[in-house]
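Chemist: Next come a sequence and a model predicted from it.
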Amino acid sequence: MLQTAWIRENKEEAIQRLAIRNIEAGEIIERVIQMDDSRKNKQLELDNLLAEGNILSKEIGRLFQSGKKSEADQLKNKTLEIKELSKQFEEELHHIENGLKDLLLTLPNAPSLKVPKGKTPEENEIVALHGKPPVFENQPLPHWELAKKYDLIDFELGVKITGAGFPVYKGKGARLQRALINFFLDQAIRQGYTEIQPPILINEDSAFGTGQLPDKEGQMYHARDDNFYLIPTAEVPITNIYRDVILKESDLPIKNVGYTPCFRREAGSYGKDVRGLNRLHQFDKVEIVQISHPDTSYEVLEEMRHYVCSLLEKLGLQFRVLKLCGGDMGFTSALTYDMEVYSAAQEKWLEVSSVSNFETFQSNRLKLRFKENQGKTSLVHTLNGSALALPRIVASLLENNQTAKGIVMPEVLIPYLGFEIID
RNA sequence: GGUGAGGUGACUGAGUGGCCGAAAGUAACAGUUUGCUAAACUGUCGUACGGGUAACUGUACCGAGGGUUCGAAUCCCUCCCUCACCGCCA
């Protein structure tokens, strides 16, 4: 959620930045300011009224103590009037506040000025390209056929147990999953991240804090009896650790990493996008989260991006880095890089990581602040990124590394796997 | 799930209707003292939203929400959570 004060003080910038998302925000921003004005007025009215009431109450107390009961009773009548009026003012204030909040909730984060304008994924900016596509003698098999051939992943079995999009990993397929998780976690720890194992069910407040609610409840699985949601990403529980927290400046930056399964309903997806591992309802992901001083958050973003790239390099995958255009960026992000690996048999790029700076969009909702050395409290910047999401990594590892003898595993994984080849 | 006891500032903990935004202690920060460390002493030490150039000042907040009252941290109701015991159990 954007901050009202920021919008007031940076009206032009807000309009300019939201325009990157193709949002004509002038009118809505005027409305925000207008509503904020009337909020202030109403609050002042209410405060003054309550102040008057407080003075009278104290006076009544004094009169009672000095035995002047009839005078006290007279004053009581006055306070009753005040009480009634203040109730009315309070309602009006709440009404205005809620209206303002609803309005602010419709506004996505203001993109950084570095974000390219654009509407569709085609307009994302390719900022880097690493590695070369593998060369094959024969037409390579797509990963779902390889998975079947080597008995690594059983999609039909998952349908039996749960439904489509819940694959069962078996044998070396399961071991590959476990190896990747451990590899990613160990790498992150070496980078200075602290490993976290959070709950994978979250309450409403947490879902609101990171921006899943309101609006995106359709994307999450919901445990109705307890009103919990299954996490769509570890970002939610790990960032919410710091909800309603005031950090010390010396605590920053905070670097956390966590492995969790992730659950997404993916309502409305269909067709070849969902084939094999391309889009699942349950998948595994290692997520990195940083809480940063506002002054350095873009340096942190670059650091995170390079870290994710280093993982892909170690796995020997060809990949590219996209800077998302305004139209393709998530609601809560100010700047997002996507990493995509090349999937040789499908001949397409698969998104395996998304690294974003949310600036104060999340921290404003989370009330996540830090106390500056001069004693002032300000909102921190939050950032996160996948490092990495497993299924598409597995897909491209299988497809890109297939040989006549079997699927050759990258060197870095061998200590984790305990085998070198899937055959 | 049942019964009982509780939820107060970073922490410990006092406060059972007005003098309480809240004692005291600890921790933290600044200073004095000091050869250094430590100790001692002095001061500062909640958040949010307002008003004011500022000094300063108004309002709200003692788990959350409602209620009683002129007045609630304090009384009542509902919910949530924590602890103890019992039950169940990886």
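Modeler: Structure's in. What do you need?

Chemist: show me the residues around residue A:3 that make contact.
Modeler: By CB atoms under 8 Å, 6 or more residues apart in numbering, the contact set of residue A:3 is A:360, A:364, A:379. For every residue, glycine as well, the C-beta is placed using N, CA and C.

Chemist: My reading is that residue A:195 is in a helix; is that accurate?
Modeler: No: applying DSSP: H, G, I helix; E, B strand; the rest coil, one finds residue A:195 to be strand, outside a helix.

Chemist: and it, how many neighbours does it have?
Modeler: Neighbour count for residue A:195, taken as other CB atoms under 10 Å: 13.

Chemist: tell me the contacts of it?
Modeler: Per CB under 8 Å, 6+ apart, neighbours of residue A:195: A:185, A:188, A:189, A:256, A:257, A:258.

Chemist: so what pLDDT did it get?
Modeler: pLDDT recorded at residue A:195 is 95.

Chemist: so it bridges to which residues?
Modeler: residue A:257 (DSSP bridges).

Chemist: any idea how far RNA strand B is from it?
Modeler: 20 Å (CB to the nearest atom of the strand, to the nearest Å).

Chemist: distance of that residue from residue A:307?
Modeler: 15 Å (CB to CB, to the nearest Å).

Chemist: Could you do residue A:117 as well?
Modeler: Going from residue A:117 to residue A:307 by CB to CB gives 28 Å.

Chemist: State the mean pLDDT of the helix or strand containing residue A:74.
Modeler: For residue A:74, the enclosing helix or strand under DSSP states H and E is helix A:69-106. Taken as a whole, helix A:69-106 has a mean pLDDT of 87.

Chemist: ok, and does that helix reach over to RNA strand B?
Modeler: Yes: if you take CB under 7 Å from any atom of the strand as the test, helix A:69-106 does meet RNA strand B, through A:76, A:79, A:80, A:83.

Chemist: Near the second one, how many other residues are there?
Modeler: When neighbours are defined as other CB under 10 Å, residue A:79 has 18 of them.

Chemist: List the contacts of it.
Modeler: Contact analysis of residue A:79 by CB under 8 Å, 6+ apart lists A:53, A:56, A:57, A:60.

Chemist: hang on, the first one packs against residue A:87?
Modeler: Looking back up the chat, that one is residue A:53. No: the criterion here is CB atoms under 8 Å, and residue A:53 misses it with residue A:87 at 11.2 Å.

Chemist: near RNA strand B, which residues of chain A?
Modeler: Neighbours of RNA strand B within chain A, by CB under 7 Å from any atom of the strand: A:4-5, A:36, A:39-40, A:43-44, A:46-48, A:50-51, A:53-58, A:60-61, A:64, A:76, A:79-80, A:83, A:246, A:369, A:371, A:377.
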